[in-house]
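A.B. asks: Provided below are the primary sequence and the corresponding predicted coordinates.
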Amino acid sequence: MLGVMDPQVTEGFGVSSVEQLDELQKALGTGQDGEAYGNGAYADMSAIRPQSLEGTLKVVTAKDQHIKFWKSIGKKKAFNTVEEFNVLDSYGGDSSPFFVEGGLPNEEDSNFIRQAQYVKYLGTTRVITHPATLVRNTIGDIVAQQTRDGTQWLLMQLERALYFADSSLNPLAFDGVIAQVKNFVAGKPYENQHIIDMRGNPLDEFTLEDIATIVLDNYGNPSLELHMTNQVHKDLSKIVLGTTANGVYNGRQRVDNPGEGIRLGQPVTGYQANAASIQFVNNIFLKPLGAPKAASQKGAPAVPTITGIAAPVDAVEDATSKMTAGTYHYFVSAVNSQGESAPVYAGSVAVASGQRADITINRVVTDPAALTYRVYRGVTSNASEAQFAFEVKDVGGTEPTQVISDRNFDIPGTHTAILIDNDPDQVLCFKQLAPLMKMPLARISASERFMILLYGMVQVYNPRRIVVIKNIGVQGINSNRPLFGPTYGATSFGTIKPVAR
């Protein structure tokens, strides 16, 4: 039996002094009273316990291979914070080219339009405590790892912003491809040619033929890209392979014989339309937002409060409504640049076909104030079963309340696809004032801080060679994995010891 006064401890440890044993005891503890291991409270990172620690980091979030649009979009140099460009819209009008012998042909002029886009600034700040750079861990060089992680996070955010960013909701953001196309075609006779509304139906071959023809009729290239989610691709493949909604083959299935046995089905990687060849580009960053967050994010605005919910009858206001009859449950959250609040249950309302649902909220104006509000809609009062519907900007001013109207323009739970003529000279590109860079910050504490930055914006030169397909319905069982949230849902253990976030 070992005594505290024994000058040396020799059994099972070799030769150790009492002081060395005390140091070992201290190293094994958490530095706090109570059980050393904390019953898993610190996600097994609080104290050393016998275990096998591999020298590799297991990545369970997005990797470089999932960044598709950023890799394929053309990149050009920006030379100022406001980039202007001229669009040659027409060589001349539709006048007769014929004239009398010896006469003067009709005069025509080219039609130029000047456009401009503002450079916007994207970045993330990373912080590593000084002790974290000294200890041995399973990650390796913690500064290099945080540099890679920060770059990957920024590219993930950029990838989604290339599609969905909207300066009307966030003035600090550039307009993504969808916003630029919508702004260009809004109110024009050809609006419904470039914003195709599937109204909950799956994407099919008939729509592919239509959108390919639309792009080619606008002098597009015969080689196009269709950006879509895995779910949309899956359902389209079922249709192309001849599978009905309940999974029954209808005679169009294909087989592949690799030499041993028969493998049913083939990957559907593209579509050969009559007018063009379409290459499928799967991108998980086109996924809809899904259900509201269970808890407010750090730095998010306060949860909004509800004044009332109703379904008014107003023939003028509701002339464009696409609402179908039913009883719907609504949830509203507040959003700023740091995150989103938990949702508030706005209540349920019975809506007739063609009506709208009006939700009156008390604006979140105390610091941190809300920039926008997200509306989620479901058929029960369970927030986890609701789906993202749309987002609106805070009205500003002095009015304490704001009315948010749902006319079902965007169907919750549906997906979006985009047909793109990816021509960097004539259709769209990403203009960079500065490429991805790492900028160190001054040390004001025992931590190393640095920023990862990117300056630029998307420029769409010719929106008529892009088609947005919205409200695409999906079938079967689909993943609801969040794009940016953790899979395990555990609290971060920080850099040295577990810390609350």
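C.D. replies: Happy to help now that I have it. This one's a predicted model, so the numbers in the text were calculated from it and none came from an experiment.
A.B. asks: Which residues belonging to stretch 326-346 are considered buried?
C.D. replies: 328-336, 339-346 (16 or more other CB atoms under 10 Å). C-betas here are computed from N, CA, C, even on glycine.
A.B. asks: Tell me which of those residues fall in strands.
C.D. replies: 328-336, 339-340, 344-346 (DSSP state E).
A.B. asks: Report the beta-bridge partner residues of Gln117.
C.D. replies: When bridges are called by DSSP bridges, Gln117 pairs up with Glu83.
A.B. asks: from memory it sits against Leu433, does it?
C.D. replies: No - assessed by CB atoms under 8 Å, Gln117 is found out of contact with Leu433, at 11.3 Å.
A.B. asks: Mind checking which of the two has more residues around it?
C.D. replies: Gln117 (20 against 17; other CB atoms under 10 Å).
A.B. asks: Look up how far Leu371 lies from that one.
C.D. replies: Using CB to CB, to the nearest Å, Gln117 is found at 21 Å from Leu371.
A.B. asks: for Phe285, same thing?
C.D. replies: The value you get for Phe285 to Leu371, if CB to CB is used, is 21 Å.
A.B. asks: which of these two has more neighbours?
C.D. replies: More neighbours surround Phe285 than the other of Phe285 and Leu371, with 24 against 19 (other CB under 10 Å).
A.B. asks: Next, the more buried one: secondary structure please.
C.D. replies: The three-state label given to Phe285 by DSSP: H, G, I helix; E, B strand; the rest coil is helix.
A.B. asks: quick one, what contacts it?
C.D. replies: 66, 68-69, 156, 159-160, 163, 483 (CB atoms under 8 Å, 6 or more residues apart in numbering).
A.B. asks: taking those residues one by one, which sit in strands?
C.D. replies: Of the contacts of Phe285, none are assigned to strands by DSSP E.
A.B. asks: By neighbours, which of these wins?
C.D. replies: Neighbour tally across the contacts of Phe285 (other CB under 10 Å): the maximum, 25 neighbours, falls on Phe69.
A.B. asks: State the pLDDT value of that residue.
C.D. replies: On pLDDT, Phe69 comes in at 92.
A.B. asks: what about the closest residue to it other than its chain neighbours, distance to Leu122?
C.D. replies: Of all residues not flanking Phe69 in the chain, Leu162 sits nearest, at 4.9 Å (CB to CB, 6 or more residues apart in numbering). Computed as CB to CB, the Leu162 to Leu122 distance reads 11 Å.
A.B. asks: More neighbours: which of those two?
C.D. replies: Taking other CB under 10 Å, Leu162 and Leu122 do not tie; Leu162 has more neighbours (24 against 20).
A.B. asks: and that one, what does it touch?
C.D. replies: Listed by CB under 8 Å, 6+ apart, the contact set of Leu162 reads 69-70, 73, 176-177, 430, 458.
A.B. asks: Name the SS class of Gly102, please.
C.D. replies: coil.
A.B. asks: Ok, Leu236 next?
C.D. replies: Look at Leu236: counting by three-state DSSP, its state is helix.
A.B. asks: pretty sure it is in contact with Thr207, am I right?
C.D. replies: No - with contact defined as CB under 8 Å, Leu236 does not count as touching Thr207 (9.4 Å).
A.B. asks: so which helix or strand takes in Glu225?
C.D. replies: Using DSSP states H and E, Glu225 sits within strand 223-228.
A.B. asks: which outside residues touch that strand?
C.D. replies: In contact with strand 223-228 (CB under 8 Å, 6+ apart) are residues 68-69, 72, 163, 203, 208, 212, 215, 236, 271, 276-283, 286, 415, 417-422, 472.
A.B. asks: Filter these down to the buried ones, PyMOL style.
C.D. replies: Those of the contacts of strand 223-228 that count as buried under 16+ other CB under 10 Å are selected in PyMOL with:
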select buried, resi 68+69+163+203+208+212+215+236+271+276+278+280+281+282+283+286+415+417+418+419+420+421+422+472
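A.B. asks: Now, the contacts of strand 223-228 that are in helices?
C.D. replies: Within the contacts of strand 223-228, residues falling in helices by DSSP state H are 69, 72, 163, 208, 212, 215, 236.
A.B. asks: Check the offset of stretch 382-402 from the chain's centre.
C.D. replies: Relative to its chain's centre, stretch 382-402 lies at 19 Å (CA atoms, centre = their mean, to the nearest Å).
A.B. asks: Output it as CSV - backbone C-alpha positions only.
C.D. replies: Provided in CSV are the C-alpha atoms of stretch 382-402 (Å, rounded to 0.1, in the frame of the first residue of the first chain):
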residue,chain,number,x,y,z
ASN,A,382,-44.6,22.0,-34.0
ALA,A,383,-41.7,24.3,-35.2
SER,A,384,-39.5,21.4,-36.2
GLU,A,385,-42.1,20.3,-38.8
ALA,A,386,-42.3,23.8,-40.4
GLN,A,387,-40.2,24.8,-43.4
PHE,A,388,-38.7,28.1,-44.5
ALA,A,389,-41.0,30.1,-46.7
PHE,A,390,-39.5,33.6,-47.3
GLU,A,391,-37.5,36.4,-45.8
VAL,A,392,-38.5,40.1,-45.6
LYS,A,393,-36.5,43.2,-44.7
ASP,A,394,-37.3,45.2,-41.5
VAL,A,395,-39.3,48.3,-42.7
GLY,A,396,-37.3,50.8,-40.6
GLY,A,397,-38.7,54.1,-39.4
THR,A,398,-40.5,54.7,-36.2
GLU,A,399,-43.5,52.3,-36.6
PRO,A,400,-43.4,49.8,-33.8
THR,A,401,-45.1,47.0,-35.8
GLN,A,402,-44.7,45.5,-39.2
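A.B. asks: got the buried residues for it?
C.D. replies: Per 16+ other CB under 10 Å, stretch 382-402 contains these buried residues: 383, 386-394, 402.
A.B. asks: For that stretch, the averaged confidence score.
C.D. replies: The model assigns stretch 382-402 a mean pLDDT of 93.
A.B. asks: And the contacts of that stretch?
C.D. replies: Around stretch 382-402, the neighbours that count as contacts under CB under 8 Å, 6+ apart are 168-169, 288-292, 294, 307, 329, 331, 335, 343, 345, 360-365, 369-379, 404, 406, 409-413.
A.B. asks: For the chain, give me the ranges with low pLDDT.
C.D. replies: Scanning the chain for pLDDT under 70 picks out 1-63, 86-91, 110, 112, 137-138, 241-265, 314-318, 486-501.
A.B. asks: what sits against Tyr121?
C.D. replies: So Tyr121 contacts 172, 453-455 (CB under 8 Å, 6+ apart).
A.B. asks: please redo it, this time with the cut-off set to 7 Å
C.D. replies: Tyr121 sits next to Tyr455 when contact means CB atoms under 7 Å, 6 or more residues apart in numbering.
A.B. asks: could I get the one helix or strand it maps to in PDB with only the CA atoms?
C.D. replies: Per DSSP H and E, Tyr121 falls inside strand 120-129. The C-alpha trace of strand 120-129 is given here as PDB (Å, rounded to 0.1, in the frame of the first residue of the first chain):
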ATOM      1  CA  LYS A 120     -18.500  43.600 -51.400                       C
ATOM      2  CA  TYR A 121     -16.400  42.300 -48.600                       C
ATOM      3  CA  LEU A 122     -16.400  38.800 -47.200                       C
ATOM      4  CA  GLY A 123     -14.400  37.500 -44.300                       C
ATOM      5  CA  THR A 124     -14.000  35.600 -41.000                       C
ATOM      6  CA  THR A 125     -11.900  36.200 -37.900                       C
ATOM      7  CA  ARG A 126     -10.200  33.200 -36.200                       C
ATOM      8  CA  VAL A 127      -8.700  33.200 -32.700                       C
ATOM      9  CA  ILE A 128      -6.200  30.700 -31.300                       C
ATOM     10  CA  THR A 129      -5.100  31.000 -27.700                       C
END
